[in-house]
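Colleague: Fold the following and give me the result.
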Amino acid sequence: MRRTLSIGATIVTALLLQSTVFAQMKLFGVRPELVYLVTILIAILEGPGEGMVVGFAGGLAQDFLLNQPKGLTALTLTLLGYGVGLLRQYIVSPSPLLPTLLVAVSTAAGVVFYEVVGFLLGQVDQPLTFSLKVPLLTGIYGAVLTPIVYPILRRMEERSRPRRVARL
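Modeller: Just a heads-up that it's a prediction; the model follows:
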């Protein structure tokens, strides 16, 4: 129960920050995707199961709260959470550089997937040059924010795990 509440609070916080504070912070017309960042980091920390659940919940909440095409972000983040969660087993180094690179690449791949599916469904009407720079800049944003958010999420996940009582 404690884990569910902490992950739910994390998703709500990411959505609130993304729609208020970070909505005004644009780099060449692109804003950071905090729900992508949270999904990827939870998938790195917990694996594909929780990555999918967080991705679906965060994506669906983002679709409804930010008036985006319904289900597209949820689909993108569900697949992204699962894929990154599967890559988790190959992370052998505790280096902070690896999650940063994984967030940058995964965020860019997720944004590309979102743009392609949105274009195929007729939901995204942006020029090609803008669609090419969005994944790159969003990945950079994610990479810059990872060293700040990753330790917080890691500590929160460690504290929300049930503690085992040692029997003597």
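
Colleague: Mind listing what's buried along stretch 67-75?
Modeller: Across stretch 67-75, burial judged by 16 or more other C-beta atoms under 10 Å covers 68, 72, 73, 74, 75. Quick note: C-beta positions are derived from backbone N, CA and C, even for glycine.

Colleague: Can you tell me what sits against stretch 49-68?
Modeller: Applying C-beta atoms under 8 Å, 6 or more residues apart in numbering, the contact partners of stretch 49-68 are 7-8, 11-12, 14-15, 18-19, 35, 38-40, 42-43, 69-82, 84-85.

Colleague: ok, now how distant is the nearest residue to residue 12 once chain neighbours are set aside from residue 35?
Modeller: With sequence-adjacent residues excluded and distances taken as C-beta to C-beta, 6 or more residues apart in numbering, residue 12 is closest to residue 61, at 7.7 Å. To residue 35, residue 61 is 8 Å away according to C-beta to C-beta, to the nearest Å.

Colleague: related to what we said a few turns ago, quick one: buried ones out of the contacts of stretch 49-68?
Modeller: 7, 11, 14-15, 18, 35, 38-40, 42-43, 72-82, 84-85.

Colleague: Thanks a lot, see you next time.
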